[in-house]
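Asker: Structure here, sequence nowhere to be found:
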């Protein structure tokens, strides 16, 4: 009997990685979202819905779903800061519509909501744990926090199998934004100055490790925990990260920083992986240096 998974935001970077993993696991993948895909990528999907995510659009899906992975919503902190109202709708309102659709029409489906480590705010000198206080610094993080609250509410009130994943700094071949994309384009043009102080700390994770955690979440039975960090649990300073990137790229000029700061950009954002390790026997396989090298190899070959 066919197993169906619905992936929202399926045609974006993380959504498509998720689709590939479930396809390999034998699922019929229903993709929902905006954007474009190649004819080759389209073969990953049983069905594609190129539409804005809302309750009415979701009614088009008639298959009985085993799994729903909700990746839709803005993935850019700076974009949300510029378009707060519009992107509130794409993160919070869309999540509410999806949860209501699941409640009414797919109550047996396991749901994984892609939140973000941005809900923690600045983690200081501690590793963020899932039970810790949420103090987002950005509208992006605040929107994710509100969407999480909806997930908690629907899970607790209606006994739905809703889970939450909080990825930290995702980086992998094909991602055309954020720090490594910016760095490689600068290196290509001989530029080695970057925003910030270089002392900012991040916790890097590959997309393959993230989707491995997603799959393990959907396979767990009788779960007592349902919120998971997707992280390596290791703090890496931006100066070290970019120095390694410059060296591997072949740049012989020192990397420098302009000293500027954003109020919505935390100094420290590092997570604890203990919950996923203990509950799901999951641990990230790729370390940050491997992530840097594989990204640069991809960039130079494309």
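Answerer: Now that the structure is in, tell me what you want to look at. Predicted model, so just to flag it, every value in this text is computed and none were measured.

Asker: contacts and neighbour counts: CA atoms only from here.
Answerer: Noted.

Asker: quick one: low-confidence parts of the stretch 151-300 of the chain?
Answerer: By pLDDT under 70, the stretch 151-300 of the chain has no low-scoring segment.

Asker: And the strands in it?
Answerer: In the stretch 151-300 of the chain, the strands defined using DSSP state E, counting those that start in this stretch lie at 161-167, 169-170, 193-194, 201-202, 204-205, 227-230, 236-237, 256-257, 268-269.

Asker: Turn those into CSV, columns for mean neighbour count and distance to residue 275.
Answerer: Putting those into CSV (neighbours: other CA atoms under 10 Å; distance: least, CA to CA, whole Å) gives the following:
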stretch, mean neighbour count, distance to residue 275
strand 161-167, 23, 11
strand 169-170, 20, 18
strand 193-194, 17, 34
strand 201-202, 23, 19
strand 204-205, 28, 16
strand 227-230, 27, 7
strand 236-237, 18, 21
strand 256-257, 16, 35
strand 268-269, 24, 17
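
Asker: possible to save these as a markdown table with distance to residue 45?
Answerer: Output for the strands of the stretch 151-300 of the chain, formatted as a markdown table (distance: least, CA to CA, whole Å):
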| stretch | distance to residue 45 |
| --- | --- |
| strand 161-167 | 23 |
| strand 169-170 | 24 |
| strand 193-194 | 39 |
| strand 201-202 | 34 |
| strand 204-205 | 26 |
| strand 227-230 | 25 |
| strand 236-237 | 37 |
| strand 256-257 | 43 |
| strand 268-269 | 35 |
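
Asker: Which among those is found nearest to residue 122?
Answerer: Across these, residue 122 has its closest neighbour in strand 268-269 (5.3 Å, CA to CA).

Asker: what about the closest one, distance to the chain center?
Answerer: 16 Å (CA atoms, centre = their mean, to the nearest Å).

Asker: Mind naming the longest helix for this structure?
Answerer: If you go by DSSP state H, the chain has its longest helix at helix 139-158.

Asker: got the angle between that helix and strand 161-167?
Answerer: Taking axes from the mean of the first three to the mean of the last three CA atoms, to 10 degrees, one finds that helix 139-158 is oriented at 160 degrees with respect to strand 161-167.

Asker: Just name whatever secondary elements helix 139-158 is in contact with.
Answerer: Contact partners of helix 139-158 among helices and strands, from 3 or more CA pairs under 8 Å, 6 or more residues apart in numbering; DSSP states H and E: helix 77-82, helix 94-105, strand 161-167.

Asker: list the buried ones in that helix?
Answerer: 139-148, 150-152, 154-155 (16 or more other CA atoms under 10 Å).

Asker: Give me the angle between it and helix 94-105.
Answerer: 20 degrees.

Asker: re the thing from before, which one, of the helices and strands packed on helix 139-158, ends up nearest to residue 235?
Answerer: strand 161-167 (14.3 Å).

Asker: what are the pairing partners of the closest one, and which direction each?
Answerer: Paired strands of strand 161-167, with direction, are strand 110-114 (parallel), strand 227-230 (parallel) (DSSP bridges).

Asker: and that strand, how far out from the chain's middle?
Answerer: The answer for strand 161-167 is 11 Å, by CA atoms, centre = their mean.

Asker: same deal with stretch 119-136?
Answerer: 17 Å.

Asker: And stretch 235-249, by the same measure?
Answerer: 22 Å.

Asker: Stretch 268-281 now?
Answerer: Here stretch 268-281 is found 15 Å from its chain centre; the criterion is CA atoms, centre = their mean.

Asker: Then stretch 268-286?
Answerer: Distance, centroid of stretch 268-286 to centroid of chain: 15 Å (CA atoms, centre = their mean).
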